[in-house]
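# Coordinates only, no sequence provided:
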């Protein structure tokens, strides 16, 4: 089981039938069709997936931003936040 966390203001996920809907700061929902061989559970800002390849596909929709630390992140991976420009 792979766990993904949605980090960001207003980032949400919900499941309808066999479709995963993601609200990731775009002007529209992103609809992802879930394959039959993949088990998926959704809790507000957490997605639990049984297949690593499908989890990686979901993460590629919104890759974690190194400056704001927002995006779809794997639970056990540490993401370092970069420093912005100094003025």
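Happy to help now that I have it. None of the values given here were measured: they were computed from a predicted structure.
# okay, how far is it across stretch 65-75, tip to tip?
15 Å (Cα to Cα, to the nearest Å).
# got a list of what the spatially most central residue of the chain touches?
Closest residue to the average C-alpha location of the chain: residue 72 at 3.2 Å, with Cα atoms, centre = their mean. With contacts taken as Cβ atoms under 8 Å, 6 or more residues apart in numbering, residue 72 has the following neighbours: 4-7, 24, 58-59, 61-64. C-beta: built from backbone N, CA, C; applies to glycine.
# Show the buried residues in those.
Of the members of the contacts of residue 72, the ones counted as buried by neighbours, 16 or more other Cβ atoms under 10 Å, are 4-7, 24, 58-59, 62, 64.
# Tell me the one of these nearest residue 79?
Of all the buried ones among the contacts of residue 72, the one sitting nearest residue 79 is residue 64; the distance, using Cβ to Cβ, is 5.3 Å.
# ok, back up a step: now, the contacts of residue 72 that are in helices?
58-59 (DSSP state H).
# any idea which of the contacts of residue 72 is closest to residue 41?
Looking at the contacts of residue 72 and their distance to residue 41, the nearest is residue 4, at 10.9 Å (Cβ to Cβ).
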